[in-house]
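Peer 1: Let's see this in three dimensions:
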Amino acid sequence: MSKQPRKPDSLLDTLLAIGRLLLACLGVIGLGVHLFREDGWLQQGFAKLFESTTTMLAIPVIILLIYIANRWLTAPERGELSSRGNIPLYIMMAIGGYFLYTLATTGDF
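Peer 2: Prediction:
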């Protein structure tokens, strides 16, 4: 198999990559604002989770789901290529698009 030299990206490819990066960064910033502000999602979630012993049973289930998602998103073998690792990027871009829409329509995150 011969290696052919790669062509440089076009201007459109570069602009699309910058747009994807900006949407993902806006998603991270928006989630950070909503998670860590006073009476934010994180504080409300912990209050809901620790309000009774029955809801505390969800903690092992949450940890198991995070572990399964991590195992599914990472490639199982060294040489295997998979596009599943792009799913978090696309999710963060969608979240960034939502926050951009909210910012444009209401003027607030």
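
Peer 1: Would you confirm that Thr55 contacts Leu49?
Peer 2: Yes: at 5.6 Å, Thr55 and Leu49 qualify as touching, with contact defined as CB atoms under 8 Å. C-beta: built from backbone N, CA, C; applies to glycine.

Peer 1: so how far is Gln44 from Pro60?
Peer 2: Computed as CB to CB, to the nearest Å, the Pro60 to Gln44 distance reads 21 Å.

Peer 1: for Leu57, same thing?
Peer 2: From Leu57 to Gln44 the distance is 19 Å (CB to CB).

Peer 1: elements contacting the helix or strand of the chain with the lowest mean pLDDT?
Peer 2: None of the helices or strands of the chain scores lower by mean pLDDT, DSSP states H and E than helix 53-56, at a mean of 84. Under the contact criterion of 3 or more CB pairs under 8 Å, 6 or more residues apart in numbering; DSSP states H and E, helix 53-56 touches helix 41-49.

Peer 1: what are the ranges of the helices in the protein?
Peer 2: 11-36, 41-49, 53-56, 58-73, 87-106 (DSSP state H).

Peer 1: what is the orientation angle of the longest one with helix 87-106?
Peer 2: Regarding helix 11-36 and helix 87-106, their directions subtend 80 degrees when assessed with axes from the mean of the first three to the mean of the last three CA atoms, to 10 degrees.

Peer 1: Could you tell me the least trusted of the helices of the chain?
Peer 2: Among these, helix 53-56 carries the lowest mean pLDDT, a mean of 84.

Peer 1: I appreciate the help and will end here.
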